[in-house]
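K.L.:
Fold the stuff below for me.
(chains A and B)
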There are 2 protein chains.
Amino acid sequence: MRRIIDMDKKITLAHGNGGSLMHELIEVLRLSLSNNILNELADAAELHIRKNRIAFSTDSYVIKPLFFPGGDIGKLSVCGTVNDVSMKGAVPLFISLSFIIEEGFEMVNLEKIVQSIKKAANKAKVQVVTGDIKVVEKGAADKIFINTAGIGVIDYPGRVGAKAKPNDVIIINGTIADHGIAILNARENLKFKSSIKSDCCNLNFVIKKCLRASKNIHVMRDPTRGGLATALNEIASASNLGIEIYEKDIPIKPAVRNLCDVLGFDPLYVANEGKFICFVNKKDAKKVKKAIGPSAQIIGKVISAHKKEVYLKTKIASSRILTMLETDQLPRIC
Amino acid sequence: MRRIIDMDKKITLAHGNGGSLMHELIEVLRLSLSNNILNELADAAELHIRKNRIAFSTDSYVIKPLFFPGGDIGKLSVCGTVNDVSMKGAVPLFISLSFIIEEGFEMVNLEKIVQSIKKAANKAKVQVVTGDIKVVEKGAADKIFINTAGIGVIDYPGRVGAKAKPNDVIIINGTIADHGIAILNARENLKFKSSIKSDCCNLNFVIKKCLRASKNIHVMRDPTRGGLATALNEIASASNLGIEIYEKDIPIKPAVRNLCDVLGFDPLYVANEGKFICFVNKKDAKKVKKAIGPSAQIIGKVISAHKKEVYLKTKIASSRILTMLETDQLPRIC
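P.N.:
Alright, predicted model coming up:
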């Protein structure tokens, strides 16, 4: 951690990639704020306001390009925060909306983005209730950045937190790496003939079904920046337990896998925006899988051995450790 | 309003200055979102969650320079949102914290900003509970932008809203234009020998005293971007009433007034970050003034004539209309 607060150090892109450097930076901020509630800066918080349990989360969106197959910064800024709130076992109700806009940004694109926000908010049944607009001079920001914060109510009798339990089954709701690869394809104008789209969508309704199906869900997480491998590492670490996942069971679209191979990306580290992993007591795993629907897949389990480590059982029956994302794969992915 | 959504139009700095163009833009967004709750995008919202009344607000901070006499972007990002929540008659409890950082930003400055956030949050007795960090490449943002969102609980029996009532007395808690002039002085390196400091501070405790002193407070507003004149215009408009203020009673520090004169700024349009105006039933005005303390000043009243207009009674007993800020005085003031 010391290496981060060295006074001659500077922020690098890797401090924002969701991986290990970002986690160290968050830890520094957490210690600086001497804040016990702020257990994970990147996550939603569970608050107690009078007799209600409230989930509260925020994210800033700096994605590039602004419009991409499967979505745009407006849709992403609603879905991303709706999903973060949902991961606490909450029903998201309200979001705030704050724009930082570069002077000269085209009104027609702002209008498109706002229409997309409206559509996404309607679909997720959340209300945009408050906001802000800042305009900065040409060159002081890249087109437009959006921040949303979200509030939800938690009625779940259990506590969906950061810690899994031994023998928990790990379920994912569908294919990985779609978002990151779609963005890369759009950004770099790679012109791969490809139907790859971002998976960007709101997860609150499927989460609600899961919460109804089992009272024994311990952790939920949307593996965005840093991808599935990084999210699993966070959970193994926080739980002081090991995780084992099976390569053959991890759903990936063939086109996404091919593009990952060509470009040299490991899909396990590529961002998702419409996926979540659910850690549930073994006895309820089938019920939760059914609640999610046909795309759901059991991908692994929590083990008491190999504490704080994530193991991938490969297709050829070997085993390798998956560490947290270290180097920067893709900046401005969300 | 049409002129704003013309498809060939572009965002200008004036769309972010707190004045009339920003209000038009907000109105366009509000209509685009077809949102009834979102009555004023720039304001805090009052939400009903189960049996609790919750205030929710957000602001992004893009101030330049990051460090200035009387504060920095960290302190501002806590106080600004604490104050917005307080203006709804709420006790602010929790804030979120989201950074957009330019690659290459010095860690030592981030640490300074975080320390300042900590100090300001402790002083205001709010907890930073959730957050986010995004890093963008060199040139895609100007150093660092911060977003905070705030949640508070409203226990006030009345409703502090957007609408004043006829004969309400208008009270301000101290001198105007300190923040804007301090920023200008710092930014432009004007080297005026000056003790001018930003008034940036948390207002939640003085607001609490006011709320205890009277059950008849109708509107509270912190006149930030656009200054006192713009805030009064917003309230006159929303209330469909007139406002009359007295130049001789508006507190301004002599150094601030002098600098405004030299630079050609009207202090009534210059931003504040530690001031609020309170619209209260005439019979409770003295109690509220006393609750604020010796710096409080009665500056005007609400009248039934001259609907939606703000009149300044000058020192030479003439009268002039104060319109909303139109042109851009000072970009990136908060």
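
K.L.:
Residue A:21 contacts residue A:13, doesn't it?
P.N.:
No: using C-beta atoms under 8 Å, residue A:21 makes no contact with residue A:13, being 9.4 Å away. All C-beta spots, glycine's among them, are computed from the backbone N, C-alpha and C.

K.L.:
got the contact list for the residue nearest the centre of chain A?
P.N.:
The residue lying closest to the centre of chain A (C-alpha atoms, centre = their mean) is residue A:224, at 3.0 Å. Contact analysis of residue A:224 by C-beta atoms under 8 Å, 6 or more residues apart in numbering or on different chains lists A:18, A:80, A:179, A:271-273, A:333-334.

K.L.:
Surely it forms part of a strand?
P.N.:
No: under DSSP: H, G, I helix; E, B strand; the rest coil, residue A:224 sits outside any strand and is assigned coil.

K.L.:
what's the closest of the contacts of residue A:224 to chain B?
P.N.:
For the contacts of residue A:224, the minimum distance to chain B (C-beta to the nearest C-beta) is 8.0 Å, reached by residue A:334.

K.L.:
Can you show me the helices along the stretch 1-150 of chain A?
P.N.:
With DSSP state H, counting those that start in this stretch, the ranges of helices along the stretch 1-150 of chain A come out as A:2-5, A:20-32, A:73-86, A:107-124.

K.L.:
Let's have the ones you listed in CSV, adding mean neighbour count and mean pLDDT.
P.N.:
Converted to CSV, those look like this (neighbours: other C-beta atoms under 10 Å in any protein chain shown; pLDDT from 0 to 100):
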stretch, mean neighbour count, mean pLDDT
helix A:2-5, 13, 44
helix A:20-32, 19, 76
helix A:73-86, 29, 98
helix A:107-124, 20, 94
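
K.L.:
Please export the alpha-carbon coordinates of the lengthiest strand in chain A; CSV is fine.
P.N.:
In chain A, with assignment by DSSP state E, the single longest strand is strand A:90-102. Provided in CSV are the C-alpha atoms of strand A:90-102 (Å, rounded to 0.1, in the frame of the first residue of the first chain):
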residue,chain,number,x,y,z
ALA,A,90,-32.5,-4.0,-2.5
VAL,A,91,-35.3,-2.8,-4.8
PRO,A,92,-33.9,0.4,-6.5
LEU,A,93,-36.4,3.3,-6.4
PHE,A,94,-34.7,6.6,-7.0
ILE,A,95,-31.7,7.8,-8.9
SER,A,96,-29.8,11.1,-9.2
LEU,A,97,-28.3,12.3,-12.4
SER,A,98,-25.4,14.6,-12.8
PHE,A,99,-23.8,15.7,-16.1
ILE,A,100,-20.3,17.2,-16.7
ILE,A,101,-20.4,18.4,-20.3
GLU,A,102,-17.7,19.8,-22.5
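
K.L.:
quick one: is it near chain B?
P.N.:
Yes: against chain B, strand A:90-102 shows contacts by C-beta under 8 Å from any C-beta of the partner chain at A:93-94, A:96-102.

K.L.:
what pLDDT, on average, does that strand get?
P.N.:
The average pLDDT for strand A:90-102 rounds to 96.

K.L.:
and residue A:181, what pLDDT?
P.N.:
At residue A:181, the predicted lDDT confidence score is 94.

K.L.:
hmm, back to that, list the buried residues in the longest strand of chain A.
P.N.:
Neighbour-count burial for strand A:90-102 flags A:90-102 (criterion: 16 or more other C-beta atoms under 10 Å in any protein chain shown).

K.L.:
Make CSV out of the residues you listed and add distance to residue A:150.
P.N.:
Formatted as CSV, those follow (distance: C-beta to C-beta, whole Å):
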residue, distance to residue A:150
A:90, 9
A:91, 11
A:92, 5
A:93, 8
A:94, 7
A:95, 5
A:96, 8
A:97, 10
A:98, 12
A:99, 16
A:100, 18
A:101, 21
A:102, 25
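
K.L.:
which one among the contacts of residue A:224 gets closest to residue A:228?
P.N.:
Sorting the contacts of residue A:224 by distance to residue A:228 puts residue A:272 at the head of the list, at 7.3 Å, by C-beta to C-beta.

K.L.:
what helix or strand is the closest one on?
P.N.:
Assigned by DSSP states H and E, residue A:272 belongs to neither a helix nor a strand.
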